[in-house]
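S.K.: Provided below for reference: sequence and predicted model.
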Amino acid sequence: MICKICGNKFFIKRGFKELLKTNHEQNICNKCLDKYGISLSFQKIVLENYDVMIVSMFKRKEKIDYNLFYDEYSKIFISLMMKKGYHVILEDHLYLDDYKIEEIDGISKMLESNLIILCLTVSDYS
């Protein structure tokens, strides 16, 4: 198989039970999976009336196709949806500054709920 990130050929050992299964590892070699793999980080921001939990999936923004990690992204999203008392918001790359925090505070007041923001990466405007 050919890695969709680096373009190198790689092989996956499979037994008879796994012969027809497909997953993201068939698109990404082990080297790229180790280098660009998902690394969840959690950050909590206390607002005026509610809390926001920011869940980022990658440490930094890379020039890769994040759609290759769609299976993991959807599993994380589904598990976060099960939390009671929270609304889940999806963001691509979240840039946190004072204006964005005020915007998030306004959304939480409008929804009258705590928020969970699931994003690929988080960075500051510093």
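M.R.: Yep, it's here.
S.K.: What are the structural domain limits within the chain?
M.R.: 1-36, 38-124 (automatic domain parsing).
S.K.: I'd like the distance from the longest one to the chain centre, please.
M.R.: So the one you mean is domain 38-124. 8 Å (Cα atoms, centre = their mean, to the nearest Å).
S.K.: How far does that domain stretch from one end to the other?
M.R.: One end of domain 38-124 sits 20 Å from the other (Cα to Cα, to the nearest Å).
S.K.: mind starting the numbering at 30 from now?
M.R.: Okay, residue one is now 30; in that scheme the one you just asked about reads as domain 67-153.
S.K.: tell me the mean pLDDT over it?
M.R.: In this model, domain 67-153 has a mean pLDDT of 88.
S.K.: what's the most buried one of the domains of the chain?
M.R.: Most buried of the domains of the chain, by mean neighbour count (mean count of other Cβ atoms under 10 Å): domain 67-153, with a mean of 14. All C-beta spots, glycine's among them, are computed from the backbone N, C-alpha and C.
S.K.: Need the three-state assignment for the nearest residue to residue 82 once chain neighbours are set aside.
M.R.: Closest residue in space to residue 82, ignoring its immediate chain neighbours: residue 145 at 4.9 Å, by Cβ to Cβ, 6 or more residues apart in numbering. Under DSSP: H, G, I helix; E, B strand; the rest coil, residue 145 falls in the strand class.
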